[in-house]
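Student: Got a predicted model here, sequence first, then my questions.
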Amino acid sequence: MKMGFEESQTPFESGSQKARFWTERWVADWGYCPNCGHAKLTQYANNKPLADFHCDNCNDEFELKAHKKPAFGKKVADGAYDTKIARLQSNSNPNLLLMNYDGTALQVQNLLVVPKHFFTPAIVERRRALKPTARRAGWVGSNILISKVPEAGKLFLIKNGTPVAKNEVRDRWERTRFLQNQSLEGRGWLVEVLNCVEALNSPEFRLDEVYAFEKHLSKIYPENNNVRPKIRQQLQVLRDNGYLSFAGRGKYQLI
């Protein structure tokens, strides 16, 4: 896998157009599908809403966001809010590819994918409508709140300029694939409980430690008056799908 861009290949003059061309060309040349392992991603024609690439083998779609910043921020700007939410509800939203690149060396530094099954309405932020004086007056965009995605949903394909083994990426993808089979609401609860479990920063934890997040979860789901039973239910789903094991007496262990 080559990390550098082909500087001479761009037909554009502006910096932003060059960057878009280089990063998209790199993914088309070197990217692969972490869902099925297919060795190539195919680029869509321009103006495809919310997706830039697709896999010819499994038909999964991917959206690419690339920038020169040395690290991914807490959020990334995305497309139209209503379109994003509609695709979430229909379960047709794309996976998200995030790329950091070195603008001087013209090469990829980091590339990670957020699988689409980690997307819930809670991580899609509605932006303010554009002012009446704007070219697209009234248009409402969205932000993807990367900070609300569990670490389990951030899969590096390249980290600090070094490719991560493909089988490792595929194993991590398979580990959370069960989220695809959940309803949008059920997936939201599972993602939030996963965030709570990760916040404990321990491979072993007790049920009462997760209960400590009851107030936090109540703010996210104010209409639910049975948060503790809901927490137990999500831990059982995680256990039944091989993400963690129950060690007895309220103790759990990550697998």
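Tutor: That came through, no problem.
Student: okay, now residue 113: neighbour count?
Tutor: 23 (other CB atoms under 10 Å). To be clear about C-beta, it is placed using only N, CA and C from the backbone, and glycine gets the same treatment.
Student: Where does it fall, secondary structure wise?
Tutor: Taking DSSP states H and E as the definition, one finds residue 113 inside strand 107-114.
Student: Does anything pack onto that strand? Which helices or strands?
Tutor: On a contact count with 3 or more CB pairs under 8 Å, 6 or more residues apart in numbering; DSSP states H and E, strand 107-114 meets strand 95-102, strand 155-159.
Student: Can you say which of the ones you listed is packed in most?
Tutor: Comparing the helices and strands packed on strand 107-114 by mean neighbour count (mean count of other CB atoms under 10 Å), strand 95-102 ranks first with a mean of 21.
Student: Could you spell out the sheet neighbours of that one, each with its direction?
Tutor: Strand pairing for strand 95-102, using DSSP bridges, gives strand 61-67 (parallel), strand 107-114 (antiparallel).
Student: For those, give me TSV that also has distance to residue 178.
Tutor: Shown next, in TSV, are the strands paired with strand 95-102 (distance: least, CB to CB, whole Å):
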stretch	distance to residue 178
strand 61-67	20
strand 107-114	16
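Student: Those: which one's closest to residue 22?
Tutor: Smallest distance to residue 22 across the strands paired with strand 95-102 (CB to CB): 8.6 Å, for strand 61-67.
Student: Show the average pLDDT along the helix or strand following that closest one.
Tutor: Under the assignment DSSP H and E, the closest C-terminal helix or strand after strand 61-67 is strand 76-80. Mean pLDDT, computed over strand 76-80, is 92.
Student: Just the residues contacting strand 76-80, thanks.
Tutor: 49-50, 63, 65, 84, 98, 124, 127, 139-144, 146 (CB atoms under 8 Å, 6 or more residues apart in numbering).
Student: buried subset of those residues?
Tutor: Neighbour counting over the contacts of strand 76-80 (16 or more other CB atoms under 10 Å) leaves 50, 63, 65, 84, 98, 124, 141, 142, 143, 144, 146 as the buried ones.
Student: Show me which of these is closest to residue 41.
Tutor: residue 63 (11.4 Å).
Student: ok, now which ones touch the closest one?
Tutor: 50, 51, 52, 78, 94, 95, 96, 97.
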